[in-house]
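> Okay, sequence plus prediction incoming.
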Amino acid sequence: MFRSLLFTLGIVLMTSLGCLAQTFSGTGGPIPDDGSTIVFDLPVSGLPGSLDTTQFGIERICINAVHSWVADLSVQLRTPDGTLIPLVSGVGGDTDGFVNTCFSGNADQSIFDVWYPFTGEFRPFGDMGLVNNGQNPNGTWQLVILDTYAFADAGELLDWSITFGNNPCKLFPFESSDLPILKIFTGGQPIVNDPKIDAQFQVIDNGPGVRNYLNQTDYAYAGPIGIELRGNSSQGMPKKSFNFEVRDEVGDDKDLSLLGLPEGSDFALSASFSDKTLMRNALAYETFRQMGHYATRTRFCELVMDNTYQGIYVLIEEIRRDKDRVDIARLRPDDTLGVDLTGGYMV
């Protein structure tokens, strides 16, 4: 009996030792500035057959990279099962790269809150707990990098590494909200300034006073959209804004009353990154409407992109000529003289 207990204890100890932190290191290479995405492979083997958020999973990812305008870089992790986790994008301005920068869902500080050289361990943009989803870690891991401002500055990934161990990243606990939840699936494509990429769109909106749940499948709307980045200088900010158009199954524009807004096909999702209240634009629009004028209508919502929670956004209708927005007559080709040319214009 005693020998049997010793044998069992030995097996448990060997199993535990086998699951201690293991780090796999990958090589780097040039980061092109031609608008193309570069992928760096890292083979992983010899680990337990599944990752979880309690016993054994991914702990951190570390990178060293140089780039003369580091805010141009978008860095993501792709796992063997295809899960894509955003690590960092749009931080650091014109500084020169990442120096011993590590990402972990267990870190106390977000990469949002620090500055070059970004040395240390920080929470990434995405939820690294999504990696520890039961998948087999043995396979090829990929670091996916895009220079979002093409034909300006090239860079180089010097090296990178992944550490697995007994302190795995936990899932961010976003499960429900009193706000509507918008879900967008890009299939792993990067969203760029132009052109719009194809994506799938789902709206969870149970109505005023009713809780909305991320995992529910009775959608207020579901269908294809085209989506692109929005703004100019704001594209360099960590939290991105987007323009999107609702489409039908053949790719044509489709008018839709979204979250109670008047029908239209074109909308914007404003990140309001510089406005920490998230309310200034919406409040200004509402005040102007209360004064009896037209102003863009808005709705607050939660955004989930490729299963990664992005935060609270402001859904905005796009200005256009119609009876529910800017109610002015459309000029005809023969409106060339006198009173025919008077009235309102959209510029």
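Everything's here; your move.
> so Ala282 touches Phe300, yeah?
Yes. Look at Ala282 against Phe300 with CB atoms under 8 Å: they come within range, at 7.3 Å. Yep, even glycine has a C-beta here, placed from its N, CA and C like the rest.
> Identify the contacts common to those two.
Listed as contacting both Ala282 and Phe300 by CB atoms under 8 Å, 6 or more residues apart in numbering are Val314.
> Point out where the stretch 101-250 of the chain drops to low pLDDT.
Judged against pLDDT under 70, the stretch 101-250 of the chain has no low-scoring part.
> Of Ala282 and Phe300, which one has the most company?
Ala282 (22 against 17; other CB atoms under 10 Å).
> now that one, what's its secondary structure?
helix (DSSP: H, G, I helix; E, B strand; the rest coil).
> Quick check: it vs Ile316, distance?
According to CB to CB, to the nearest Å, Ala282 stands 9 Å off from Ile316.
> where do the contact lists of these two overlap?
Counting by CB under 8 Å, 6+ apart, the shared contacts of Ala282 and Ile316 are Thr298.
> Count the residues that sit near the closest residue to Leu256 other than its chain neighbours.
Closest residue to Leu256 apart from its sequence neighbours, by CB to CB, 6 or more residues apart in numbering: Val246 at 4.8 Å. Val246 has 20 neighbouring residues, counting by other CB under 10 Å.
> residue contacts, Val246?
201, 223-225, 253-256, 258, 265-267.
> Among those, which one sits closest to Asp153?
Proximity of the contacts of Val246 to Asp153 was ranked by CB to CB; the top entry is Ile225 with 31.2 Å.
> just checking, that closest one touches Gly251?
No. Contact between Ile225 and Gly251 fails when scored by CB under 8 Å: they sit 10.4 Å apart.
> tell me which element the residue nearest to Leu256 falls in.
Element membership for Val246, per DSSP states H and E: strand 241-246.
> returning to that earlier point: quick check: neighbours shared by Ile225 and Gly251?
Joint contacts of Ile225 and Gly251 (CB under 8 Å, 6+ apart) are Asp198.
> Which residue is the nearest non-sequential neighbour of Ile61?
What sits nearest to Ile61 in space, not counting adjacent residues and going by CB to CB, 6+ apart, is Phe103, at 4.9 Å.
> gap between the spatially most central residue of the chain and Ala199?
Against the mean C-alpha coordinate of the chain, by CA atoms, centre = their mean, the closest residue is Met305 at 5.1 Å. Applying CB to CB, the value for Met305 to Ala199 is 9 Å.
> tell me, what's touching the two both at once?
184, 186.
> Isn't the residue nearest to Ile61 up against Pro124?
Yes. Phe103 is within contact range of Pro124, at 4.0 Å (criterion: CB under 8 Å).
> quick one: contacts for Thr54?
Pro168.
> Now do the same for it: helix, strand or coil?
Quick answer, by three-state DSSP: Thr54 is coil.
> show me the contacts for Asp96.
Asp96 neighbours (CB under 8 Å, 6+ apart): 66-68, 70, 116-117.
> Pick the one among those residues closest to Asn206.
Using CB to CB, the contacts of Asp96 come closest to Asn206 at Val70, 41.6 Å.
> Ser270 versus the closest one, what's the distance?
With distances taken as CB to CB, Val70 is found 25 Å from Ser270.
> okay, those two: which has more neighbours?
Using other CB under 10 Å, the more surrounded residue of Val70 and Ser270 is Val70, with 23 against 20.
> Among the contacts of Asp96, which lie within strands?
With DSSP state E as the criterion, strands contain 66-67 from among the contacts of Asp96.
> Now tabulate the contacts of Asp96 in JSON lines and tack on distance to Asp205.
Shown next, in JSON lines, are these (distance: CB to CB, whole Å):
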{"residue": "Val66", "distance to Asp205": "45"}
{"residue": "His67", "distance to Asp205": "41"}
{"residue": "Ser68", "distance to Asp205": "44"}
{"residue": "Val70", "distance to Asp205": "38"}
{"residue": "Tyr116", "distance to Asp205": "41"}
{"residue": "Pro117", "distance to Asp205": "43"}
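> Please identify which two of the contacts of Asp96 are farthest apart in space.
The most widely separated members of the contacts of Asp96, counting by CB to CB, are Ser68 and Pro117 (13.8 Å).
> quick check: domain ranges of the protein?
Domains of the chain are assigned by automatic domain parsing as 22-165, 176-317.
> among the ones you listed, which is the most enclosed?
domain 22-165 (a mean of 18; mean count of other CB atoms under 10 Å).
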